Every structure is written in C-alpha cells, then in structure tokens.
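S.K.: Quick one, structure for this:
(4 chains)
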4 protein chains.
Amino acid sequence: MNSYRQKKFEYVTNKYQNRGRLLISCNDKPGIVAKVSQWLFEYKANIVESNQYSTSHTDGLFFMRIEFECPDFQKRYSELKESFHEVASSFKMDWQLQSASNRKKTAIFVSKEDHCLQELLWNYERGELYTDIAMVVSNHETMREFVESKGIPFHYIPVTKETKPEAEKAQLELLESNEIDFVILARYMQILSSDFVTRHPNRVMNIHHSFLPAFVGAKPYERAYERGVKLIGATAHYVTDELDQGPIVEQDIERVDHRDSIEELKRIGRSVEKSVLARGVKWHLEDRILVYGNKTIVFD
Amino acid sequence: MNSYRQKKFEYVTNKYQNRGRLLISCNDKPGIVAKVSQWLFEYKANIVESNQYSTSHTDGLFFMRIEFECPDFQKRYSELKESFHEVASSFKMDWQLQSASNRKKTAIFVSKEDHCLQELLWNYERGELYTDIAMVVSNHETMREFVESKGIPFHYIPVTKETKPEAEKAQLELLESNEIDFVILARYMQILSSDFVTRHPNRVMNIHHSFLPAFVGAKPYERAYERGVKLIGATAHYVTDELDQGPIVEQDIERVDHRDSIEELKRIGRSVEKSVLARGVKWHLEDRILVYGNKTIVFD
Amino acid sequence: MNSYRQKKFEYVTNKYQNRGRLLISCNDKPGIVAKVSQWLFEYKANIVESNQYSTSHTDGLFFMRIEFECPDFQKRYSELKESFHEVASSFKMDWQLQSASNRKKTAIFVSKEDHCLQELLWNYERGELYTDIAMVVSNHETMREFVESKGIPFHYIPVTKETKPEAEKAQLELLESNEIDFVILARYMQILSSDFVTRHPNRVMNIHHSFLPAFVGAKPYERAYERGVKLIGATAHYVTDELDQGPIVEQDIERVDHRDSIEELKRIGRSVEKSVLARGVKWHLEDRILVYGNKTIVFD
Amino acid sequence: MNSYRQKKFEYVTNKYQNRGRLLISCNDKPGIVAKVSQWLFEYKANIVESNQYSTSHTDGLFFMRIEFECPDFQKRYSELKESFHEVASSFKMDWQLQSASNRKKTAIFVSKEDHCLQELLWNYERGELYTDIAMVVSNHETMREFVESKGIPFHYIPVTKETKPEAEKAQLELLESNEIDFVILARYMQILSSDFVTRHPNRVMNIHHSFLPAFVGAKPYERAYERGVKLIGATAHYVTDELDQGPIVEQDIERVDHRDSIEELKRIGRSVEKSVLARGVKWHLEDRILVYGNKTIVFD
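M.R.: Numbers count the residues shown, from 1 in each chain, chains lettered A, B, ... in the order given. Just a heads-up that it's a prediction; the model follows:
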C-alpha cells in the first residue's frame, strides 16, 4: 500500500473510530428530530454534522443525515442498531447506521480513456477518497500496467456483442466474491444489462460526457459541436435501467467557442468529467447522497 | 430622451463618426487579409480591432470582422462601398460595411414577465446598448405603463389562436413602417410563424429559459425540476423555422440543488436569462455575430 | 404599495404566520440538539429546515438555525420565548426567536450609482426581498425621482468633510425614529464613523467593488486594471470600524481580459456587484447569517 | 519516450512543419497589418489564426500574433527572417518568428507537493503540452521515483539559507547546459534570487496559491481562512524581481464556505492551482502570451 495513503487512512480510521452516520428517510411529521436526537443523547453521542430536508407538503417526505461521535461506538454498534430499530419503527423509517471509519470496497470499470481513472487514483493515493479500491475491470488491456503499478488488481474482461452475457457474469462474480459495495464507471463506454444494474441500485455511478439531459447516448461531443453550444458539460449519475436517465448526482460545465474543434471539446471536457466524477464519488463514499424517486439529495 | 443616454450616445456618435466595420465571409485562400488590409491602407484607415476565423480544411471557409478608423468615413461611405465591391468580387465574398456610429432600430417583444425587458432598458438608459429601441410590442397590457414611462412607444397586439395571422400581420406592418432592423424576444412566449421568421433571418433573437438542447419547448423549469438537474441555464439564439433549434449565440448556467422548488428555479433562472440575453443583444448590435450553417461565430 | 408586491407579501405573511426561526450559538456539548428539538416537539412544532455547524475542537463552538412550524405561533410567541429562555440558560446560549412573517425595516444608502439600488428595488417589487424598505438616504439628489416613483421616501442628506458629523446625526435620527433594523450601503461611497458603525453591529451591509482582501479602499477597478488581473470581483460584507475589514458575507467574480478598459471593468463589475449584494441582503432578511469572530456562517 | 506522446508529437511535427508564428509589438500606426499580410502573401502564406490588440490612444501600442502556413517554411526560414527584418525595421517592431513545429525545452521545479507536476506530466504524456520536458529540479527527493518512471531526468539540488547561492549556481548551469527555454515553478516554494529571475525575463512561470493581489507571500490558505473569504483562487504569473508581483497570466477561483477547514481549502485549491498552471503553460508553449509593462496580453 502506498505509504502516504496508508498513514492518512490510519489517521482517519483512528480519528473516526467513534463516529457514526445515520441516514434516515420517512414520512414527515413532528417529533422525528426530537426522537432521534434524544436517542443520540441517551448514548452520550455528540452531533458533529446534521442535514435534513423535507419535500413540499404534497408528499411530505423527510430525509436526514447525522454524523455523530459516540463513546465506544464500535463496541456498541450492534446494541445501537438494535436500539435504534425501535425509534425507526415508530416512524416507519428507511434507515442505515454506518461506521465512518469503515471503508467501502470499490471497483472501477474503465475502457481506454484514462483521465477519470487517473483522477480517482490520484485522489485515492492522497488518501482523499476514503475507500478500498479492490480492483479495476476493463474490456481493454490498455490500463493494466498503470493500475498494477499502483498495487491494484486489474481484470481484463473483453466484451463483444456475443460474449456480453458471459462477460457480465464474470464481472458479477468478481464483484460478489470481493464483496464490492460500489462500482464506478469511469468512462467504461459499455452499456450494462438491466440485470446487472438492478442488482446494484444506487451503487453504480457513471460519468456521462454531456450536460444531461442534453445529448443522451453516444457521441455527445460530436453532437455538441454540431449544435454549436457555447458550454459543454459532464454529469455524474447513478445507473438505472434506462440509458443516461438515472438520478443525477453532480454536473458542471466549461465554456467553449466557435474555434474549438471536436478534439478540443473532448480535451476541455475531460477536465470537467474527471472533477465532476471525483466529487460524486467522494460524496457517495461519505454517504452524503440520498436517492428519492429519480432525484438525489446531496448533503454536501 | 433620457438625458444620460442622450449624452452617452452623442459621445459615441461623435467618437465613432469615422469608424467602420467590415464583415466578410468567403472560401478561404491565401491573400485575403493582404488584399483587405491593403485596401484599408489605401484609404489611410487604421485597424482598431480585427478578428478572423477559418473552418477546418474540409470546407475551408473564412470569416472576418474588422473595425477601423478611416478619415472622412461618413462622407466617403458610398465610395468605400463601391471600391470594396471590387475586392469582394475577386474572392466571391459575402460582406457588409457598417458605420459604427449608426444605431440599429430595435423592437422588443414581451409577454408578462418583465425581467429581461428591465435589464435591456436599464442597459439602454445607461447608454450601454447603442441602439434605438423604437417600440415594445406585447400581447398583454401589463408593461405599458413601465415602457411608456421610459418614453418608448408600446403596442398592444393581443394574440389568440384565431387572431394569430392577423396579429402577426399587424406586427410585421409595425416593423416595416418603422424600419426595424432587429427584433428581441424578451420572454415573448409566443411561437412566431414560419413566414415571420424567414423574413428576418438572423435578425430575431430569442431567450430560451434552458440550457439548449436540453428542455426544448415549453415549461423547461418544470422539466428541469422533474429531472433533478444540478444546474439550470439559459440560451440566447436566433430564431429559425424550427422551435428552439436556431443558431446559439450565448449560454450560461447557475447552480441549483435539491432544496430548490420550481419557483426557486424560476427565480434563479431569471437572473441567468436576463444577463445571457443582454450579452447576446450587445454583440448583435456591435455586429460581432456571424452565422454559419446553424452555428454562430462570436467575435467578442 | 406596488400591487404585485402587496399580493406576494400577503401570501407570505399568511403562509408563514405560524413559522418561527430560532438562531443559537453557544459552546458545543452533547445534548443541545436533543434538548432544542424536544422543546420544539413539546410545542407540537414541525422542523422545516435545520442547519448547524460546530467549529473545530480547539474552540468548540456550536451554531444552529432552525425554521419550524408551530400551531398558534403568533399567539404563543411570548410564552415560547419565556419557555425557551430556560433551555437556553442551561447551555448559556446566545439566541434569538424570530417570527418568519415579520418584515425587517430596511434603509438603503446610495450615492449616484443606481445599479445596486435598481436590483434591490426590482427584487423588492417582485416580493422576493421580504422586507419593508422604509427609506432611501442619499448624499445626492440624483435618485430622488426614481425612488419616489416607487412610493419610497427619499431623504437627501448632503455630506461634506465639515458637515459629516451633523449629517450622520441626521441619518441616525432617521434610522431611530423609523425603527430601522437593517442598513444597506448600495454603493454609498462614504465612510461611516466609528460611532455609527458600532451602534449597528452586523446590521450594516456594504458592497465593496473588489474581491476582498484585494484592493481594499478607493478605486478598486483602477487598481485591478493597473495590476492586470484576469478576474474582477465584488464582496458583500458587514461594516465594522476598520475599512473593508468586516465579516465577508458573499463574493463572486467575473472573467475579464487585456482588452477591457477601466470603463469596461466597471461595466462588468456592476453586474457582479448587484447580484452579490442582492444575495447577501436576501440571506440577512431570512436570518441566514451568523457572525462569529470576523467571519460569517451562512446557512443558505 | 511514452509511445502515445511520441505518436502525437510526430503527428503535430508533421502537421505543423510549414507553420510559422509571427509575434509583433510596436507603436501603432496605419498600414501595419497591410504590410505584414502583404509580406505573407508574397510568400504564398495562408493566415490560419490572427490576433491583434491596440492599447488606448494615449500610448498607442500595437500587438499582433499571426499563425500561418507557408510552403517550404523550414527550408526558407532564414530567408523569411531576413526578409521580414526589413518590414520590421520600417515600423521599429519588436518581433519573433517561430516555427510551430519546434518544441521549447522546459524544466519544472518542484518541492514536495505533486499535484501541479502530476497535471503537467499527464498533459505532457497525452501530447497536449507540445514541449520537451528536459528535467525536473527539486530541493527534495520526494518526486524522484515518479519523475524517473516517466523517463524524465530528476535533479536533486537541496537548498538551505547558506547553500542558496551555490544551489542556484548549480540550477543555472543545468538550465544553460541543457538550453532550457522555459522554467515552470510547479509549487517550488523557494524564492529565486534577483539574478536568476532577471536572466530569464518572462520565461519563468509560477503558480501562486491565491487570487493575487490578495494574499501575496506565504501561507495564503491560512490567511484566506482567517479572513473568511467565500472564494479561493490561484494565479499563474511570470516571475519578476518583486515577490508575487509579476505579470499575471491566468487566474481562477473555486467557491468555499464556513465549513471548510484550512485542510479543505488546500484540497480545493490544489485543483484550481493545477488547472490554472496547465492553462498558462499551454499558452506560453504556443507563444500566445505577450508581456506589456507588468501585464499580459493572452491571445487564447
């Protein structure tokens, strides 16, 4: 393991050993915050960060993310879960209790383009993405050397029209046997099957190289050029069954003008893509994204 | 006339009395700049600003905008045009020679929303839009008082499905009898007929309240909200026969998040819309926009 | 009163009649949120929006803003204050309980430049700044007609070196006799005395026409031009005793280049100034800004 | 040599073999463009890109950058220079004639922080920075392995207060013996001596980690945090004898808020620094920057 990352991770693991994260969604009604914070207080927990959001009164949904410090959090984790179960039941909550010192296990899927992968690994090596990148999967051998030089396993799984089902089976087996929590499509350029996607709801994040919903599908820069737009963008989103229609996590744009060729648009776009994806990934790893219908709530 | 604007316009008119603008497009080949600048030199003209752009070698088109100071420009205007005609012929140029001290005659079309109109008139009163706003046309009476208080004629032309042809006829007559050069749709919210549009190629500018080509057509903010985008935008474009498909002049965006209601999106959007439209209008008035296919070249 | 604003204000007043805002700052320790939310629950209040922030462990300060809906809020306001007093005492809180339907009374100070004033009044007339603008004060007569046309009292108080103390006395009397809560310096261009400022801590907001701390003091655009910067900015801040050193509320920038004259920088800057100030003012009116040392916490 | 870069460079070298760049500055007067373009025409050169800028009439300076395609450019290079010498004399021009296929020789100076170096080398490996990076010089060994893995020589020259003159001597010898054209300070964190700087006018580019002129000197993020700014920035500038006072090439900013610790400001800032520096370097390598007084003209 890269020693800089190692030190940083050890520092974070140690610093966050008593830190928990509670994610809640339920129907809105008075008393939720009182009940939850009272429960935290009973465990002598101190709230470090708290975000909440209620939708309009028509549907009246309530979402909350609380980060807290609780003495002996690790030791009492099961007890806390059990105890919170009762609080949750009375409000019919969907909820999760996460340990902030746990690292999610991540797999990155790439094709031949390396900019998003480079950005993720650079942030990873600096210890800024608190995760374990367990593997990189690709349908090309191009990135093997680079990935392996970082000490990360590289799996080459070629994909053709004919072998796609078989290839996906191999991918799914890799994900399962390695207990992967989070899949990042860092310009993977292949459409995943409905089966693959529905098995990992809100756990596969893609970077699309346009400002969605403009230029859904293939060749967005070519079409942006054709249309003569003055800004190009990128969109990080969770992958769903419908192409480029999943919940949007983050977007950004860069200014272009008439002098920029398609090649230039791609060059400028790469820089937007990589930073948009890196932001989205960071938020996911810190449990900052709640999905609601086809939208995201980002407690950044 | 507003006295601040009056003073500023007199200053500009005086300052620019010898200033000309040459706009050129033709097939690219060596010697164009040499010939044009030689021609300018013969008239003792000094180039103040010059922009050019050549498309890729596949089509090989050449575009140029030159601003120059020429002694006795006004007096020699006809002579200059005649003389340049020869230069132009040898390269088969499309070209225009404009006097920078001339003000285009502008009509603004509005509906009930006033933010774009306000921004334009505020810039106008400051003398920053060098034009004569000859009239405001609206299908509602809402803005009459405000417009007339600025000393600008207001024409109320109601439009219903049935009366549309008739209404357009009245509008066209107004434009013609007032020798209007430029029509600004400042949130007019009515679709102009093919006939109206084709009579004014690249002379009708619209502000669309989305980042085109996302959310073409009606209710873009509602659809942006539904889709859960993280940025909203606005697009100034010339109006063509196809709805929201004309050459894009300028675009910009503003960041939004999950907490923003449709009402908030509209509020934030108004601020983007008005500044995007004001920039596009300024460029048009300064002859900075060349249209090429369905794209614009903006020599800003 | 402008009828559009009137309708919007009536709507808001009605909608927010049961809405309160609690602003809290104190030393951080476990149980604060539990106690506060328990207290709200006892009054059957529903939390609509809640933000909190704790500084690092070195000083350990806690800040909170809660917006809540409480049945019979207006009627029970005194009771609520009295009751919360006890909660507050146990944590030694600085706190305020505001009624969201109350409008602060605002005075705008201007000199000759109108863009910030125009932006504020336009937002005011749309009902987007929920306040009562009780007066505009100026050391020039320039804006009288415009201000009075909006039905807002205009007070001309000329200021010279000699008459400054006297002028400030007149201003202070106006503010007091009208019970003004909030003073906006919308390009007022005069330095207020230490006495004036210390009487209104965090209640006087200024727009400075640079990206502070660059170009403190006079003629920032001239100095930005001289220095050859590639971005110009604006800063909204609370006014303190030290010139341009008060807590920063909001900042933004716009891109410029070598072709932009000082005149152009000013033109571009005006657009940044007015939107930065309008955002800062909106946040202040919604009690979204907490001041801590010489910094602001903006719960936007 | 990295094979991707090799291919791209071969492609560019081949594509640009007949491409020249003419950079001109002189006093403004009529006829310059005519003369220059006539001269180009005589050599059958086609202008590909042309930018010019005249300062205000007070000083009346003229700047121009022309990119052109000229048959047999390489072969006729000496002839062209000699011939243009005459044109230049008649206008008393400062000028350069560059071959666009020539690559400048670049040295990068770093300390321990790697983000700017990484960004430059990544762009370099993609062939997007058309230059030969002849060496990386550092006062620490930290980056040796990474730099050498890219096949770039790494020179460790430690610097202490006492050894500084000696260290600079060693650096200067390295630059001279390798005929370095361009020095990039990619977070080098050492102040160069007046002697070093004046030997390389407008050929040493630094990235300063603030939005200059705010936070000149050391620890800008700490001071930005202290001041409570809402935006942080970075500035690429040519190095002159006065610390952080050289001509500004490029600037950009990123939004921050009260929750961001100094550590977070640095993390966000790294991303701005690296992209600002990369843009500045690209412009320098393409001869797009002209220096005028203490300002830059960027023909981007």
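S.K.: and A:Ser3, what pLDDT?
M.R.: At A:Ser3, the predicted lDDT confidence score is 78.
S.K.: Give me the pLDDT for the residue located most distally from the centre of chain A.
M.R.: Here chain A reaches farthest from its C-alpha mean at A:Arg259, the gap being 35.1 Å by CA atoms, centre = their mean. You'll see A:Arg259 listed with a pLDDT of 92.
S.K.: So it: helix, strand or coil?
M.R.: Under DSSP: H, G, I helix; E, B strand; the rest coil, A:Arg259 falls in the coil class.
S.K.: Contacts only, for it.
M.R.: Shown in contact with A:Arg259 (CB atoms under 8 Å, 6 or more residues apart in numbering or on different chains): B:Tyr53. Backbone N, C-alpha and C define where each C-beta goes, glycine included.
S.K.: same deal with A:Cys26?
M.R.: Taking CB under 8 Å, 6+ apart, we find A:Cys26 in contact with A:Ile32, A:Leu61, A:Phe62, A:Phe91, A:Lys92, A:Met93, A:Asp94.
S.K.: hmm, try it at 6 Å
M.R.: Shown in contact with A:Cys26 (CB atoms under 6 Å, 6 or more residues apart in numbering or on different chains): A:Phe62, A:Phe91, A:Lys92, A:Met93.
S.K.: pretty sure the last one contacts A:Asn27?
M.R.: Looking back up the chat, that one is A:Met93. No. Applying CB atoms under 6 Å, one finds A:Met93 not in contact with A:Asn27, separated by 9.1 Å.
S.K.: Compare these two and say which one has the larger neighbour count.
M.R.: Remark: of A:Met93 and A:Asn27, A:Met93 carries more neighbours, 21 against 13, as counted by other CB atoms under 10 Å in any protein chain shown.
S.K.: Apart from its chain neighbours, what residue comes closest to that one?
M.R.: Spatially, and ignoring its direct neighbours in sequence, A:Met93 is nearest to A:Cys26 (4.2 Å; CB to CB, 6 or more residues apart in numbering or on different chains).
S.K.: Pairing partners for that neighbour in the sheet, please.
M.R.: A:Cys26 has these beta-bridge partners by DSSP bridges: A:Phe62.
S.K.: per-residue confidence for it?
M.R.: 95.
S.K.: With the one 3 residues further on instead?
M.R.: With respect to pLDDT, A:Lys29 scores 87.
S.K.: where are the low-confidence patches of chain A?
M.R.: Applying pLDDT under 70 to chain A picks out residues A:1-2, A:57-58.
S.K.: what does it put close to chain B?
M.R.: Counting by CB under 6 Å from any CB of the partner chain, chain A comes close to chain B at A:213-214, A:227-231, A:248, A:250-251, A:253, A:258, A:295, A:297.
S.K.: same thing but 7 Å
M.R.: Taking CB under 7 Å from any CB of the partner chain as the contact definition, chain A meets chain B at A:53, A:56, A:211, A:213-214, A:227-231, A:247-248, A:250-251, A:253, A:257-259, A:261, A:294-298.
S.K.: Which ones among the residues you listed map onto strands?
M.R.: Residues of the residues of chain A next to chain B located in strands (DSSP state E): A:Tyr53, A:Leu231, A:Ile248, A:Glu250, A:Gln251, A:Ile253, A:Lys295, A:Thr296, A:Ile297, A:Val298.
S.K.: how long is stretch A:193-205 from one end to the other?
M.R.: In terms of CA to CA, to the nearest Å, the two terminal residues of stretch A:193-205 are separated by 14 Å.
S.K.: what's the residue in the stretch 201-300 of chain A that chain C sits nearest to in contact with, if anything?
M.R.: Residue of the stretch 201-300 of chain A nearest chain C, by CB to the nearest CB: A:Arg255 (8.7 Å). A:Arg255 is in contact with A:Lys230, A:Leu231, counting by CB atoms under 7 Å, 6 or more residues apart in numbering or on different chains.
S.K.: now it: how far from D:Leu265?
M.R.: The gap separating A:Arg255 from D:Leu265 is 25 Å, by CB to CB, to the nearest Å.
S.K.: how does chain A divide into domains?
M.R.: A:17-99, A:104-298 (automatic domain parsing).
S.K.: Would you point to the one among the ones you listed that's packed deepest?
M.R.: Among these, judged by mean count of other CB atoms under 10 Å in any protein chain shown, the one packed with the most neighbours on average is domain A:104-298 (a mean of 19).
S.K.: Now find how far off-centre it is within its chain.
M.R.: Relative to its chain's centre, domain A:104-298 lies at 10 Å (CA atoms, centre = their mean, to the nearest Å).
S.K.: So whichever strand or helix holds A:Ile47, near chain C or not?
M.R.: Element membership of A:Ile47, judged by DSSP states H and E, is strand A:46-54. Yes. Contact between strand A:46-54 and chain C, assessed by CB under 7 Å from any CB, occurs at A:Asn46, A:Ile47, A:Val48, A:Ser50, A:Gln52, A:Ser54.
S.K.: who's in contact with the third one?
M.R.: For A:Val48, the residues meeting the contact criterion (CB under 7 Å, 6+ apart) are A:Glu67, A:Phe68, A:Glu69, C:Ser54.
S.K.: same question, the first one
M.R.: Contacts here follow CB under 7 Å, 6+ apart; on that basis A:Asn46 touches A:Phe68, A:Glu69, C:Pro30.
S.K.: in the sheet, who's paired with it?
M.R.: On the basis of DSSP bridges, A:Asn46 is bridged to A:Glu69.
S.K.: how near is it to D:Glu86?
M.R.: From A:Asn46 over to D:Glu86 (counting by CB to CB), the distance is 80 Å.
S.K.: residues from the stretch 201-300 of chain A in reach of chain D?
M.R.: A:Arg267, A:Ser271, A:Ser275.
S.K.: Stretch A:232-245 spans what distance, first to last residue?
M.R.: Note: stretch A:232-245 ends 18 Å apart using CA to CA.
S.K.: can you list contacts of it?
M.R.: Applying CB under 7 Å, 6+ apart, the contact partners of stretch A:232-245 are A:185, A:191-192, A:194, A:197-198, A:202, A:204-212, A:216-217, A:221, A:224, A:246-254, A:256, A:265, A:268-269, A:272-273, A:276-277, A:280, A:291.
S.K.: Narrow these to those in helices?
M.R.: A:194, A:197-198, A:221, A:224, A:265, A:268-269, A:272-273, A:276-277, A:280 (DSSP state H).
S.K.: can you name the two of those residues that are farthest apart?
M.R.: Pairwise distances across the ones in helices among the contacts of stretch A:232-245 (CB to CB) peak at 34.8 Å, for the pair A:Thr198 and A:Ile268.
S.K.: Just give the closest residue to A:Lys274, not the sequence neighbours.
M.R.: Nearest non-adjacent residue to A:Lys274 (CB to CB, 6+ apart): A:Glu119, at 3.8 Å.
S.K.: whoops, I mixed them up, A:Lys81
M.R.: Per CB to CB, 6+ apart, closest to A:Lys81 is A:Leu97, 5.5 Å.
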